[in-house]
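K.L.:
Turn this into a structure:
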Amino acid sequence: MIGRYKEQFAQLLAKHTGLEVKEILAMVEIPPENIPGDLAFPCFTLSKQLKKAPPMIAQELAQTMISPEFDKFEAIGGYLNAHINKKTFIEHFFSPDTKNPESGLQNAKTKVLVEYMNANPNKPLHIGQARNVCIGDSIIRMHERLGYDVHAFNYGDDSGVNVGYNIVGHLYYGYALDTDKKYDHYCGKIYEQMRKQDEDPKFKQLLSQTLLKIEEGTDEQLKKLHFDYTRRCAIEQIRTCRRMNAFFDAVAWETDILHIKFFAEAIDLLRDKGVIKFVEEGDAKGCRVLDLSSLPEYAKEEKQYQILIKSDGVATYIAKDIAFALRKLGYLSKDFGYDILIEDPRGETIFTTNAHPEEKLTKHHFWNYDTAITVIDNRQIPAQTIVKSAFTLLEYTQKHKSYLPLGYGVVYLTPSTLIKLWYTLSPEETTEKRLPFASRKWRTVTIDEMLQMLHSKAYFETKERNPGKLDTRLDDVAEAMAVSALRFFLIRGDITKDIVFDLDEALDMQGETWAYILYTGARMQSIIDAAWAFDTPAVDYDLLQEESEFALVKKISGFDDLVLKAKEDLAPHYIAKYCFDLAQLVNSYYAHAKILVENEALKHARISLLKKTRDTLKQAMELIGMVFLERM
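P.N.:
You can find the predicted model right below:
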């Protein structure tokens, strides 16, 4: 709703300055907390035009502008600050006619695909991948709130070298296919053992042969083993995501992309444009490459090509990504077939692609998207830049189609975390501030074990505070706290920056953490339950006169605008910060105003505000996968 007042402020300024409303809106700011006013306009851009100093321009505008929507206009330095009429603002805020203009039906025709998780189906998911899951799922939730037709996909990299290690282990090194353990964890142990064969020439040959056979898909026995193995592992990974409160619509398999010949069609399109070359000498001898030399951004690069097909005939990751990206946005003629992979607890079906387009078991049309978002860590952005370059070379740069790689910062571990998890570090490593994941050393922290640690700590702390509660109730609360803790920790800061995961910090339930947000929500609910009646009389919102009340109304009214900005910037960490800031405002409100006062009319007004605040906090928490708890 604050956007409405920004618009009115901009219209007033347009009358007095000659600037366009759209131009002014781009410059309007929210002043810092220590500066008076609710909206601010920098007058510096008018200085040259009017040949006056910005403070003088601000002073003149403040003296001439009048509006019933604003109490006053004030010059502060080179800024014109507007003070919103609190009474009018609060009336508009609580009006039943107030609607979110950005979540209407206008977005329903825009198809959005968010591809995330994208782990190799041969080991359990680790904390680094958990950040991918948190970001991807939150991006989906924001688009859903704004009314977009959005689907969530996991890309199953089942033809890559990592899966090859496991398949070779089962085929030639005697590892059993069945186990009583959670299957992705069992797969991880096989992978760990097979990495020890890296320098063995015989293993290298077997691995190369097996990968080629997987891509060709003609060896029926291998094909069945590979199919069953990767699906079984992926289902367990999806269950882990599900425990994190993250869901998918389908899994698209890399082998299906190859077997349906998406890749071949993509190569044909590039070849027809004359941008595929066969290299006869040098580092890329025997390879087929994408020629980037015609693009200005590569003019000064020493390497002006990208290998698509290696000399042994195996397609590179980038080549497969180009094919899949073209299919996402509807530039290829072929489609997948679909099978049912698994039903999730919401009653929704998760589909899996197959290489038989005639076997479409769903009415969903999962392709020809307007926007395709791929969540990847920052180290993969250069490869995704090549994918976007392929679109440019093909002249597929239509404005209504967007391919958006979303890079995020890498997750590191503190040495103390690894030591607590019984890893052996070198003396040099113990002195480092952070250490990277190391799959070859199996130096990872899996999502499953992290969630279990968080769950156990939350359970015992909750039981200590509530000794009379049933174990099942405590267990539910502990699980909600564990999921909320992990999701908030991994998304709370700028997602483009690297973060350091520390076990003690993630488990910390004291201070201004995820627990602060959960406890604030539960406290609000407790007060509402103690005071709210079904026969509540009409509320007199004019009684909300405190500055802390107006601060809350302003914060809540800006939520929809914030969600829109977070969607546009692909920045779910904005929502995490909003949750924390709103919780702080609520607690500040408690410090300045008593809620359960004897004056019934005032009490009802304040409870109405608290209820609206609770609902908004709950919605914000849901957008980042946190779980609102009515009792803790």
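
K.L.:
any idea how far the residue most central in space within the chain is from Gln452?
P.N.:
Among the residues of the chain, the one closest to the centroid is Ile135, at 1.9 Å (CA atoms, centre = their mean). Going from Ile135 to Gln452 by CB to CB, to the nearest Å gives 22 Å. The way it works is simple: take the backbone N, C-alpha and C, and place the C-beta from them, glycine included.

K.L.:
Which elements pack onto the worst-scoring helix or strand of the chain on mean pLDDT?
P.N.:
The weakest-scoring helix or strand in the chain, judged by mean pLDDT, DSSP states H and E, is helix 503-507 (a mean of 81). Identification of packing neighbours for helix 503-507 by 3 or more CB pairs under 8 Å, 6 or more residues apart in numbering; DSSP states H and E yields helix 415-420, helix 447-465, helix 471-491.

K.L.:
mind checking how far the first one is from the chain centre?
P.N.:
Going back to what we said before, that points to helix 415-420. With CA atoms, centre = their mean, to the nearest Å as the basis, helix 415-420 stands 27 Å off its chain's centre.

K.L.:
try the longest one
P.N.:
Helix 471-491 has its C-alpha centroid displaced from the chain centroid by 19 Å (CA atoms, centre = their mean).

K.L.:
Same question for the second one.
P.N.:
Using CA atoms, centre = their mean, the distance from the centre of helix 447-465 to the centre of the chain it belongs to is 25 Å.

K.L.:
in it, what counts as buried?
P.N.:
Across helix 447-465, burial judged by 16 or more other CB atoms under 10 Å covers 447-448, 450-451, 453-455, 457-459, 461-463.

K.L.:
Please dump the helices and strands packed on helix 503-507 into TSV; it should also carry distance to Arg523 and mean pLDDT for every row.
P.N.:
What follows is the helices and strands packed on helix 503-507, written out as TSV (distance: least, CB to CB, whole Å; pLDDT from 0 to 100):
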stretch	distance to Arg523	mean pLDDT
helix 415-420	31	86
helix 447-465	14	88
helix 471-491	15	91
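
K.L.:
Is it correct that the residue nearest to the centre of the chain is in contact with Val411?
P.N.:
No - applying CB atoms under 8 Å as the test, Ile135 and Val411 come out as separate, 11.4 Å apart.

K.L.:
For the helix or strand following the least confident helix or strand of the chain, buried residues please.
P.N.:
Per DSSP states H and E, the first helix or strand lying C-terminal to helix 503-507 is helix 514-531. The neighbour-count check on helix 514-531 (16+ other CB under 10 Å) flags 514-525, 527-528, 531 as buried.

K.L.:
What of stretch 574-588?
P.N.:
Buried residues in stretch 574-588, defined by neighbour count with 16+ other CB under 10 Å: Tyr574, Ile575, Ala576, Lys577, Tyr578, Cys579, Phe580, Leu582, Ala583, Leu585, Val586.

K.L.:
Report the distance from stretch 241-255 to the chain centre.
P.N.:
For stretch 241-255, the distance to the chain centre is 14 Å (CA atoms, centre = their mean).

K.L.:
pLDDT of that stretch, averaged?
P.N.:
Per-residue pLDDT over stretch 241-255 has a mean of 94.

K.L.:
Repeat that for stretch 173-193.
P.N.:
Averaged over stretch 173-193, pLDDT sits at 94.

K.L.:
End to end on that stretch, go ahead and measure it.
P.N.:
10 Å (CA to CA, to the nearest Å).

K.L.:
okay, now the domains of the protein?
P.N.:
What the record gives for the chain is the domain set 2-84, 116-260+331-366, 415-506, 510-623, from automatic domain parsing.

K.L.:
Quick one: closest of those domains to Lys273.
P.N.:
Nearest to Lys273, of all these, is domain 116-260+331-366, at 12.4 Å by CB to CB.

K.L.:
chain center to the closest one: distance?
P.N.:
Worked out by CA atoms, centre = their mean, domain 116-260+331-366 lies 20 Å from the chain centre.

K.L.:
so what's Gln8 up against?
P.N.:
Counting by CB atoms under 8 Å, 6 or more residues apart in numbering, Gln8 touches Ser67, Glu69.

K.L.:
element containing it?
P.N.:
helix 2-17.

K.L.:
Can you list the buried residues in that helix?
P.N.:
Ile2, Gly3, Tyr5, Lys6, Gln8, Phe9, Ala10, Leu12, Leu13, Ala14, Thr17.

K.L.:
Next: stretch 285-299.
P.N.:
Cys287, Arg288, Val289, Leu290, Asp291, Leu292, Tyr298.
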